[in-house]
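>>> Using only what follows, build the 3D model:
(chains A and B)
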Amino acid sequence: ILNVEQSPQSLHVQEGDSTNFTCSFPSSNFYALHWYRWETAKSPEALFVMTLNGDEKKKGRISATLNTKEGYSYLYIKGSQPEDSATYLCASTPNNAGNMLTFGGGTRLMVKP
Amino acid sequence: GAVVSQHPSWVICKSGTSVKIECRSLDFQATTMFWYRQFPKQSLMLMATSNEGSKATYEQGVEKDKFLINHASLTLSTLTVTSAHPEDSSFYICSAPLIRNTIYFGEGSWLTVV
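I've put the predicted structure just below:
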């Protein structure tokens, strides 16, 4: 994998459903994987930064896992709420890139009441 | 409140004119800031790294004479799109790292060149 890729591009779920998205990234020379939540007209909000293979992080109903050997991360949302509607971005940082981020295309989540 | 502030949020300019976008870190100093742009249905792409006290570093394919970056102080970086053309119409967003792996973004700026 040469680029950061996210799937699906968009997702419509009902309130209360649990959902998950995938982020694939280059596993060679990996340093960190970032997840951001981005609402329209607002700044992207940092959710998680993960660096170690097997990392799992949780913030309320949202959690994420990291597999650096195969180059993927999953973001899970349990019991989706309308306020979870946003675009979820993942970005990777190679080991020699400081704070430069390579972004995926994002997953746009829409939660229907 | 926003940790990084970007201004303006929206700007429309005439073809051939220049437009400046500001990125400010409000409550911390940033020796480095980053400028990204996003074309429709594409990912955010890094344009350049803004360095306080030295020249910006541009990514391949980004014209440094067209996209002038000035990191005037430890809290301010500006991106000036010179002689703008309709193909420069895009979404531009800046980021500033507080420490490594703690990166804050501005709200972004929509540029439309008519």
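>>> need the residues of chain A near chain B, please.
For chain A, the contact set with chain B under CB under 8 Å from any CB of the partner chain comprises A:4, A:32, A:34, A:36, A:41-44, A:46, A:49, A:51, A:89, A:91, A:93, A:98-106. For glycine as for every other residue, the C-beta is placed from the backbone atoms N, C-alpha and C.
>>> Which of these fall in strands?
Under the assignment DSSP state E, those contribute A:32, A:34, A:36, A:46, A:49, A:89, A:91, A:93, A:102, A:103 to strands.
>>> could I get those residues as TSV with pLDDT and neighbour count?
Putting those into TSV (pLDDT from 0 to 100; neighbours: other CB atoms under 10 Å in any protein chain shown) gives the following:
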residue	pLDDT	neighbour count
A:32	94	21
A:34	97	25
A:36	98	23
A:46	95	15
A:49	96	20
A:89	98	25
A:91	97	26
A:93	92	23
A:102	95	20
A:103	96	23
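>>> Quick check: residue A:10 vs residue B:40, distance?
14 Å (CB to CB, to the nearest Å).
>>> who has more neighbours, those two?
In this view residue A:10 and residue B:40 are compared by other CB atoms under 10 Å in any protein chain shown, and residue A:10 has more residues nearby, 10 against 7.
>>> can you pull up the bridge partners for that one?
Here residue A:10 shows beta-bridge partners residue A:108, assigned using DSSP bridges.
>>> And it, how far from residue B:20?
The gap separating residue A:10 from residue B:20 is 34 Å, by CB to CB.
>>> Give me the neighbour count for residue 35.
Just so you know, I chose chain A. Counted with other CB under 10 Å, residues neighbouring residue A:35 total 25.
>>> that's the wrong chain, I wanted chain B
Counted with other CB under 10 Å, the neighbours of residue B:35 add up to 25.
>>> And residue A:97, by the same measure?
As a burial measure, the neighbour count of residue A:97 was computed by other CB under 10 Å and equals 15.
>>> In this structure it contacts residue A:31, no?
Yes - look at residue A:97 against residue A:31 with CB atoms under 8 Å: they come within range, at 7.1 Å.
>>> give the contact list for the closest residue to residue A:31 other than its chain neighbours.
Of all residues beyond its chain neighbours, the one nearest residue A:31 is residue A:95 (4.3 Å), with distances taken as CB to CB, 6 or more residues apart in numbering or on different chains. Taking CB atoms under 8 Å, 6 or more residues apart in numbering or on different chains, we find residue A:95 in contact with A:29, A:30, A:31.
>>> mind listing what the last one touches?
When contacts are counted by CB under 8 Å, 6+ apart, residue A:31 is found next to A:51, A:92, A:93, A:94, A:95, A:97.
>>> cutoff 10 Å now
Residue A:31 makes contacts with A:51, A:68, A:92, A:93, A:94, A:95, A:96, A:97, A:98, B:100, B:101, as judged by CB atoms under 10 Å, 6 or more residues apart in numbering or on different chains.
>>> do the first one as well
When the contact criterion is CB under 10 Å, 6+ apart, the partners of residue A:29 are A:92, A:93, A:94, A:95, A:96, A:97.
>>> The nearest residue to residue A:70 once chain neighbours are set aside: neighbouring residues, count only.
The shortest distance from residue A:70 to any residue that is not its chain neighbour, by CB to CB, 6+ apart, is 6.4 Å, and that residue is residue A:27. Residue A:27: 15 surrounding residues under other CB under 10 Å.
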